[in-house]
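**Student:** Pasting the sequence and the predicted coordinates here, then a few questions.
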Amino acid sequence: VFAKVGMEPSGDPFNSIIKLETMNSHKPLNPMINAGAIAVASLIDGSDVKERFQRVCRLLHRITGNEQIALDENVYASEKRTGDRNRSLAYFMKSTGVLEGDVEDALDLYFRLCSITVHCSDLAKIGLFLAEWGRIAGESSP
């Protein structure tokens with residue numbers, strides 16, 4: 001993952017392309033900005049976008065205990081319809097070798113992931129998961 005996405009802070013807007021263009025590696029600074037999230041989405045394993053999306057949802061269900069986490073179709077349609085800046089980020093990353101695979105599949109998965117409906121308590125559990133370096137609260141370490 002870190003070959004494609006960094007882990008540095010960004011002082012630029014979340015959808016900026018400036019660092020992608022000006023840094024030698026052309027890779028996004030971190031996975032919490034749009035370019036980084038698109039790059040990470042392109043790395044998720046699965047035979048198609050639907051399987052890859054379900055894989056993420058299963059992880060979210062496990063982290064939160066909320067089996068109701070799912071795609072909001074209206075938000076997804078809006079993201080897909082208005083995602084021109086994200087498309088430019090993705091195609092730029094494809095041109096520099098950061099993004100591998102099909103750009104439209106990576107974008108479709110990214111738009112879907114941006115359209116997941118969660119509760120505030122789910123976000124807190126996801127935050128705890130990240131703070132605990134990928135350990136799910138209540139589960140023993142492997």
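**Tutor:** Here it is on my side, so go on. Numbers count the residues shown, from 1 in each chain.
**Student:** quick check, distance from the helix or strand residue 39 falls within to the centre of its chain.
**Tutor:** Assigned by DSSP states H and E, residue 39 belongs to helix 34-43. Centroid separation between helix 34-43 and its chain, computed with C-alpha atoms, centre = their mean, to the nearest Å, is 5 Å.
**Student:** So for the helix or strand just after it, mean pLDDT?
**Tutor:** For helix 34-43, the following helix or strand on the C-terminal side (DSSP H and E) is helix 49-64. Taken as a whole, helix 49-64 has a mean pLDDT of 98.
**Student:** relative orientation of the helix holding residue 39 and helix 49-64 in degrees?
**Tutor:** Angle, helix 34-43 to helix 49-64, by axes from the mean of the first three to the mean of the last three C-alpha atoms, to 10 degrees: 110 degrees.
**Student:** Could you pull up the residues touching residue 48?
**Tutor:** By C-beta atoms under 8 Å, 6 or more residues apart in numbering, residue 48 lies in contact with residue 105. C-beta here means a position set from N, CA and C on the backbone, and glycine is covered the same way.
**Student:** I'd like the distance from it to residue 102, if you could.
**Tutor:** 10 Å (C-beta to C-beta, to the nearest Å).
**Student:** what does residue 76 give?
**Tutor:** From residue 76 to residue 102 the distance is 18 Å (C-beta to C-beta).
**Student:** Now do the buried residues in stretch 67-79.
**Tutor:** 69, 76, 79 (16 or more other C-beta atoms under 10 Å).
**Student:** Any chance of TSV for these, columns distance to residue 124, secondary structure and pLDDT?
**Tutor:** Conversion of the buried residues of stretch 67-79 to TSV gives the following (distance: C-beta to C-beta, whole Å; DSSP: H, G, I helix; E, B strand; the rest coil; pLDDT from 0 to 100):
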residue	distance to residue 124	secondary structure	pLDDT
69	14	coil	97
76	24	helix	98
79	24	helix	97
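**Student:** Output the residues you listed as CSV; include the columns distance to residue 125.
**Tutor:** What follows is these, written out as CSV (distance: C-beta to C-beta, whole Å):
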residue, distance to residue 125
69, 11
76, 23
79, 24
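**Student:** Can you list the buried residues in the helix or strand of the chain with the lowest mean pLDDT?
**Tutor:** Ranked by mean pLDDT, DSSP states H and E, the weakest helix or strand in the chain is helix 18-22, scoring a mean of 87. Neighbour counts over helix 18-22 (16+ other C-beta under 10 Å) mark 19, 20 as buried.
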